[in-house]
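Trainee: Fold the following for me, if possible:
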Amino acid sequence: MTDADIVIDIQGLKAGYVRGVDIVHGVDLAVSREEIVCILGPNGAGKSTLLKAVYGLARTTGGTVSVAGRDVTGHRADDLCANGIGFVPQSDDVYADLSVEENLRMGAFRARKTLAERRAQMYEWFPILGEKRKQPAGSLSGGQRRLVGIARALMTAPSVLLLDEPSAGLSPTNVDEVFERIEIVRETGVTVLMVEQNAVEALEHSDRGYILDLGRLALEGRSTELLVDPRVKNLYLGLEEHD
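Mentor: A predicted model of the protein is given here:
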């Protein structure tokens, strides 16, 4: 990885929600162009807080966050959205009473001139959403609703996509579909940084991983290496040995 390749550059980040109480303690992290990078760790490790700090949803108390060479430390979420950064929260982030198509339109508030073009692109990337575009989003399966949230974040054509536990609460079949779609999104030139609790799936569908413990960086490396690293399996993720 060279400096020219780095899209997301986090240096010494400290963050939390309450003044004087940090949850993330001096984390360094970098993501190269068109990479998928996952942040893993046990509950309470500070994974989601780190991601929210990048997107201006948690208080940054130290360090810097740069995206595409621009210092965005502490910037508001709407400013980051306007500058090519999309964010999909962990919660079931759809307007349940609106149709799939209306949900996508809500995501295109900054791209009205290209609405039809972007919507057609989403239906190409997520065919099931095209099939169900007139249905209320609340009537879809959990995995399909998660795809609506991802597609809505992509309606503004971001160059960077932040995902907070995209597999949370999904069945194994839906998990596979969501991760497959994330890989398709990356192939279109989008850089992806995601937080995940489902370690095996995240590592199998990412290039590199960072593992947090109590708000500090404990391990980092290629995903293929972390999958078989006994420190990951025994200390953090409770995975069984692979044959």
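Trainee: In stretch 71-88, which residues are buried?
Mentor: For stretch 71-88, the buried set under the neighbour-count rule, 16 or more other CB atoms under 10 Å, comprises 72-73, 75, 80-81, 84-88. Every C-beta, even on glycine, is put in place using the N, C-alpha and C of the backbone.
Trainee: ok, which pair from these is furthest apart?
Mentor: By the measure CB to CB, these have their two most distant members at 73 and 88, which lie 21.3 Å apart.
Trainee: Name the nearest residue to the residue nearest the centre of the chain, ignoring sequence neighbours.
Mentor: With distances taken as CA atoms, centre = their mean, the residue of the chain nearest its centroid is residue 163 (1.7 Å). Counting by CB to CB, 6 or more residues apart in numbering, the nearest residue to residue 163 once its immediate chain neighbours are dropped is residue 194, at 3.8 Å.
Trainee: same question, residue 68
Mentor: Closest residue to residue 68 apart from its sequence neighbours, by CB to CB, 6+ apart: residue 7 at 5.7 Å.
Trainee: Okay, strands next: where are they in this protein?
Mentor: Secondary structure of the chain (DSSP state E): strands at 6-18, 21-32, 36-40, 59-67, 70-71, 85-88, 160-164, 191-195, 208-213, 216-222.
Trainee: As TSV, those strands with mean pLDDT and distance to residue 118 would be great.
Mentor: Compiled in TSV, these are given as follows (pLDDT from 0 to 100; distance: least, CB to CB, whole Å):
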stretch	mean pLDDT	distance to residue 118
strand 6-18	96	21
strand 21-32	97	24
strand 36-40	97	22
strand 59-67	96	21
strand 70-71	95	23
strand 85-88	94	12
strand 160-164	97	14
strand 191-195	98	18
strand 208-213	95	29
strand 216-222	95	33
